[in-house]
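Engineer: return atomic coordinates for the entry below.
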Amino acid sequence: MIGNKSFWNGGYGSDATVSMLYYIFKETEIENVYLHTLATNIRAQKAFKKAGFDSPKHVKKGRYEFIKMITDKKSWLEKFNDSKVKIIPVVEQHLMVVVHFQEKIQQKLIDQQLILLDILLKM
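Structural biologist: All right, here's what the predicted structure looks like:
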């Protein structure tokens, strides 16, 4: 979640997800990735779809309803293999994945994205 609302709708969630999937599918043997998001979280579902997740399925866990979304290596790489993503080693073996899309805007916004990605990778 991006807490500062002034950065909402900037594509950061989708970019972070694309960056993570790029690393997973290019650097590991993982073939499938799935996630659960609350059925009421339409913004997240749109971001995940934009990042390549598909096949939404309703799942109920306890009193909560979730949407399960999945993507696989082959179909994801067919869509996103040309992404301008660089994998940069960072202190303590953490990796920071930086998305460099040609249409990216101001450097200030990119700096905020790097901070978000670093936080996500440390989770």
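Engineer: and stretch 55-64, which residues are buried?
Structural biologist: Pro56 (16 or more other CB atoms under 10 Å). Just so you know, the C-beta spots here come from the backbone N, C-alpha and C atoms, and that holds for glycine as well.
Engineer: contacts for it, please.
Structural biologist: By CB atoms under 8 Å, 6 or more residues apart in numbering, the surrounding residues in contact with stretch 55-64 are 36, 38-39, 45, 65-70.
Engineer: can you give me the strands in this protein?
Structural biologist: Remark: strands of the chain, listed N- to C-terminal, are 32-38, 54-61, 64-72, 85-89, 95-99; assignment by DSSP state E.
Engineer: relative to strand 54-61, how tilted is the third one?
Structural biologist: Comparing the axes of strand 64-72 and strand 54-61 via axes from the mean of the first three to the mean of the last three CA atoms, to 10 degrees yields an angle of 150 degrees.
Engineer: in its sheet, what does strand 64-72 sit against?
Structural biologist: Using DSSP bridges, the neighbouring strands of strand 64-72 in the sheet come out as strand 32-38 (antiparallel), strand 54-61 (antiparallel).
Engineer: these into JSON lines, with extra columns for distance to Ile24 and mean pLDDT?
Structural biologist: Listed next are the strands paired with strand 64-72 as JSON lines, based on distance: least, CB to CB, whole Å; pLDDT from 0 to 100:
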{"stretch": "strand 32-38", "distance to Ile24": "6", "mean pLDDT": "93"}
{"stretch": "strand 54-61", "distance to Ile24": "16", "mean pLDDT": "90"}
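Engineer: nearest to Leu77, out of these?
Structural biologist: Each of the strands paired with strand 64-72 was checked against Leu77 via CB to CB, and the shortest separation belongs to strand 32-38, namely 12.2 Å.
Engineer: in that closest one, what counts as buried?
Structural biologist: Within strand 32-38, the residues scored as buried using 16+ other CB under 10 Å are 33, 37.
Engineer: which residues touch that strand?
Structural biologist: By CB under 8 Å, 6+ apart, the list of residues contacting strand 32-38 from outside reads 21, 24, 44-45, 48, 53, 59, 61, 64-73.
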